[in-house]
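K.L.:
generate a structure from the sequence data that follows.
(2 chains)
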Amino acid sequence: MPTVTIHPTGEVIYLQPGQTVLSGLYQAGFAYTVGCRRGGCAICKVDCRAGDFTYCRPVADTVISDAEQADGTCLTCRAVPEGDITIELRGEDVRLVNRFLHQINDKARQRAEAHAAANSAAGTPEKEQSWES
Amino acid sequence: MGVMRLGYAHIRVTDLAEAKDHYANTMGLYETHAEGNKVYYKAWDEWDHHSVVLEEGGVGVVKYGWKVQHSTDLDDIEAKATAFGVTVDRMSKGDNPEIGDGIRFTTPSDHVFEVYHEATLVGTEVGVHNPDAFPRHLVGVGVPALDHSLITAEDPGQMDRFLSEVFGFYATERVQTSLDDDADIIATWMTSSNQIHQLAVLSGPQGKLHHFAFRLNDWNEVGRAADLFSMDDVPIDVGPTRHGITRGQTVYFFDPSGNRNEVFSGGYLAYPDRPTNVWTPEALGKGVFYHSRELNDAFTSVLT
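P.N.:
Below you'll find the predicted structure:
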């Protein structure tokens, strides 16, 4: 159950396993400057301050340079967290544009946390579901 | 008449399998050839061998091909491009599959243009003998043809002069900083024929692709295309809407690598003696998106 924490506001967003950072944030009612949503335009880059992610598709080296592959740059439309991650936007803050979606995401997160706690007490592994973003 | 049309757009894609699915199954292009990391397509109402080339590795545009009517047009364009100060190379038959010899140069905007006179005639999907109105078994949007492209350049005014002097194009519409004679050109829509635009140039970084567009017939087809994009989870950038500039009806959307595509219908008939429409910055939103009348941030910042 990966979560994305947004620095410095501390908002925590719950992602489905396999979901991209961009997809998760928008589905939780947040907005920020994005472009093609398909890895080509490089507009949705943020800094990853903690945690690991992988890219779910090949990314052009004109979009993410070799240096950016190592410096924590995170192309959010293609980045899938491997666990909990913390991100910081560049030159803007995420905007909560849909409180209804945010409430739904909060409930999903609480529910998933409760399930994980119950399963861990019962000694059964967490069941992961795949998610196409 | 010199340049007749935009013959082909050669585009980079990050994942060839996903791109093939988009251009074949969503757009409805016909694959005519594949070799190495490239795939060649034509649309159903096109007769030459290909109009779209996909090359795996990266994003953005590799080059454009422009087809001229007469073989002597190649010498004419070579001389005019050289006079403009551009270095022109000769291109051999077979440099591009099924495309004849011609010339190749890099424009002042850092885009690679190839100009050719011969391409292998494949024929349209309906043929020429008592043809039906359209093929019965089109796939997805089923676009009939490649239409135009929009590129970015640091100096669109220079590209306006280049396309006028070298290709014999004329501007149907322009965006200018003001109505003053010495105003800067922010964008220009250019053509050689009655087609409202074959190439548009917008102020921006050198060598970049804003979009390339496929032709549709009317509003209904544009709306149906948008429905199909939702079915296929294609991110829509803007639309369906109308452009104030050209009056065309449109949807902007992104291919699986983030290259912007468009489906475009309508646009009034262009003539070289028709006075050029001029748009000034206070109406730019309406010029680009006639209904929302607001330029979204992505329109000028999202390029490949």
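K.L.:
now residue B:180: how far from chain A?
P.N.:
Distance of residue B:180 to chain A, given as C-beta to the nearest C-beta, to the nearest Å: 33 Å. All C-beta atoms are positioned from the backbone trio N, CA, C, and that covers glycine.
K.L.:
please apply the same query to residue B:79.
P.N.:
With distances taken as C-beta to the nearest C-beta, residue B:79 is found 34 Å from chain A.
K.L.:
is it fair to say that residue lies in a helix?
P.N.:
Yes: assignment of residue B:79 by DSSP: H, G, I helix; E, B strand; the rest coil places it within a helix.
K.L.:
nearest to chain B: which residue in chain A?
P.N.:
Per C-beta to the nearest C-beta, residue A:40 is where chain A lies closest to chain B, at 1.8 Å.
K.L.:
taking chain B, what residue is nearest to chain A?
P.N.:
Residue of chain B nearest chain A, by C-beta to the nearest C-beta: residue B:258 (1.8 Å).
K.L.:
pull the contacting residues for that residue.
P.N.:
By C-beta atoms under 8 Å, 6 or more residues apart in numbering or on different chains, the residues touching residue B:258 are A:35-41, A:63, B:59, B:302, B:304.
K.L.:
now the residue of chain A closest to chain B. Nearest residue, chain neighbours left out?
P.N.:
Leaving aside its sequence neighbours, residue A:40 sits nearest to residue B:258 (C-beta to C-beta, 6 or more residues apart in numbering or on different chains; 1.8 Å).
K.L.:
circling back to that earlier point, by neighbour count, which of the contacts of residue B:258 wins?
P.N.:
residue A:40 (32 neighbours; other C-beta atoms under 10 Å in any protein chain shown).
K.L.:
I figured that residue hits residue A:63, correct?
P.N.:
Yes: if you go by C-beta atoms under 8 Å, residue A:40 and residue A:63 touch, sitting 6.6 Å apart.
K.L.:
give me the common contacts of those two.
P.N.:
B:59, B:258.
K.L.:
now do residue A:27, the pLDDT please.
P.N.:
Among the per-residue scores, residue A:27 shows a pLDDT of 92.
K.L.:
pretty sure it contacts residue A:108?
P.N.:
No: Residue A:27 is not in contact with residue A:108 according to C-beta under 8 Å; the separation is 9.6 Å.
K.L.:
in terms of neighbours, single out the busier of these two.
P.N.:
Using other C-beta under 10 Å as the criterion, residue A:27 and residue A:108 rank with residue A:27 on top: 20 against 17.
K.L.:
for that one, what are its contacts?
P.N.:
Residue A:27 touches A:19, A:101, A:105, counting by C-beta under 8 Å, 6+ apart.
K.L.:
strands along chain A, start to end?
P.N.:
Under the criterion DSSP state E, chain A contains strands at A:3-7, A:11-14, A:30-31, A:45-50, A:53-55, A:73-75, A:79-81, A:85-88, A:95-96.
K.L.:
I should have written the stretch 101-250 of chain B there, sorry.
P.N.:
Assignment of strands within the stretch 101-250 of chain B using DSSP state E, counting those that start in this stretch yields the ranges B:102-106, B:112-116, B:145-153, B:170-176, B:185-191, B:199-203, B:208-216, B:236-242, B:249-254.
K.L.:
mean pLDDT, distance to residue B:295 and mean neighbour count for those strands - can I get that in JSON lines?
P.N.:
Listed next are the strands of the stretch 101-250 of chain B as JSON lines, based on pLDDT from 0 to 100; distance: least, C-beta to C-beta, whole Å; neighbours: other C-beta atoms under 10 Å in any protein chain shown:
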{"stretch": "strand B:102-106", "mean pLDDT": "98", "distance to residue B:295": "29", "mean neighbour count": "20"}
{"stretch": "strand B:112-116", "mean pLDDT": "98", "distance to residue B:295": "28", "mean neighbour count": "22"}
{"stretch": "strand B:145-153", "mean pLDDT": "98", "distance to residue B:295": "14", "mean neighbour count": "23"}
{"stretch": "strand B:170-176", "mean pLDDT": "97", "distance to residue B:295": "11", "mean neighbour count": "22"}
{"stretch": "strand B:185-191", "mean pLDDT": "97", "distance to residue B:295": "11", "mean neighbour count": "24"}
{"stretch": "strand B:199-203", "mean pLDDT": "97", "distance to residue B:295": "11", "mean neighbour count": "24"}
{"stretch": "strand B:208-216", "mean pLDDT": "98", "distance to residue B:295": "13", "mean neighbour count": "24"}
{"stretch": "strand B:236-242", "mean pLDDT": "95", "distance to residue B:295": "10", "mean neighbour count": "19"}
{"stretch": "strand B:249-254", "mean pLDDT": "97", "distance to residue B:295": "12", "mean neighbour count": "25"}
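K.L.:
in CSV: these, plus distance to chain A.
P.N.:
Output for the strands of the stretch 101-250 of chain B, formatted as CSV (distance: least, C-beta to the nearest C-beta, whole Å):
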stretch, distance to chain A
strand B:102-106, 18
strand B:112-116, 16
strand B:145-153, 12
strand B:170-176, 21
strand B:185-191, 19
strand B:199-203, 15
strand B:208-216, 9
strand B:236-242, 8
strand B:249-254, 4
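K.L.:
could you list the paired strands of the longest strand out of those in chain B along with their orientation?
P.N.:
In chain B, with assignment by DSSP E, the single longest strand is strand B:3-13. Using DSSP bridges, strand B:3-13 pairs in its sheet with strand B:52-56 (parallel), strand B:60-68 (antiparallel).
K.L.:
using JSON lines, lay out the ones you listed together with mean pLDDT.
P.N.:
Formatted as JSON lines, the strands paired with strand B:3-13 follow (pLDDT from 0 to 100):
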{"stretch": "strand B:52-56", "mean pLDDT": "98"}
{"stretch": "strand B:60-68", "mean pLDDT": "98"}
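K.L.:
with that, I have no additional questions.
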